[in-house]
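J.: I would like to see how this sequence folds:
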Amino acid sequence: MEKINLLQKFDLINEQWSPKIVGELNGQQVKLAKLKGEFVWHHHEEEDEAFFVVKGSFRMEFRDKTVELNEGDMIVVPRGVEHKPVADEEVWVMLFEPAGTLNTGNVTNEKTKHDLETI
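T.: Numbering: from 1, shown residues only. Got it, this is the predicted structure:
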């Protein structure tokens, strides 16, 4: 049981769209990621995802609407809902999702991360 300083952990992240694990609880992982640019359209069959904006802003695109998220905002994307994060400038996000959740969900491409580093 040690405290985790999120700002220090974000300083260890040097690449975009590459989540890092900072904690685990009840089968869930807490991940940090820096995002910039467009991700891919995808969904997660079995997992809900929570995104909390620590620094910056981005938009979560859905097929029927777009949600703007700013510092301090959070959104939960229910399982099965297709979505695409887009960040015009770098944004820092904290993710909450079940252990083993692939960042690209049902899509496999160059942005897919299979083995996440714990920082």
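J.: which strand runs longest in the protein?
T.: Counting residues, the longest strand found in the chain (DSSP state E) is strand 83-98.
J.: what about the most centrally placed residue in the chain, distance to residue 6?
T.: Centroid check for the chain by C-alpha atoms, centre = their mean gives residue 95 as the closest residue, at 4.6 Å. Distance check for residue 95 against residue 6: by C-beta to C-beta, to the nearest Å, it reads 12 Å. The way it works is simple: take the backbone N, C-alpha and C, and place the C-beta from them, glycine included.
J.: what touches both of the two?
T.: residue 32 (C-beta atoms under 8 Å, 6 or more residues apart in numbering).
J.: beta partners of the residue nearest to the residue nearest to the centre of the chain when sequence neighbours are not counted?
T.: For residue 95, the nearest residue in space outside its immediate sequence neighbours is residue 31; the separation is 4.3 Å by C-beta to C-beta, 6 or more residues apart in numbering. Beta-bridge partners recorded for residue 31 (DSSP bridges): residue 21, residue 95.
J.: number of residues surrounding residue 31?
T.: 24 (other C-beta atoms under 10 Å).
J.: ranges for the strands of the chain?
T.: Under the criterion DSSP E, strands of the chain are mapped to 20-25, 28-38, 49-55, 57-62, 66-70, 74-77, 83-98.
J.: for residue 14, which of these is the nearest?
T.: Each of the strands of the chain was checked against residue 14 via C-beta to C-beta, and the shortest separation belongs to strand 28-38, namely 8.3 Å.
J.: let me know the average pLDDT across the closest one.
T.: Averaging the model's pLDDT scores along strand 28-38 yields 95.
J.: and the angle from it to strand 83-98?
T.: Here the directions of strand 28-38 and strand 83-98 differ by 160 degrees (axes from the mean of the first three to the mean of the last three C-alpha atoms, to 10 degrees).
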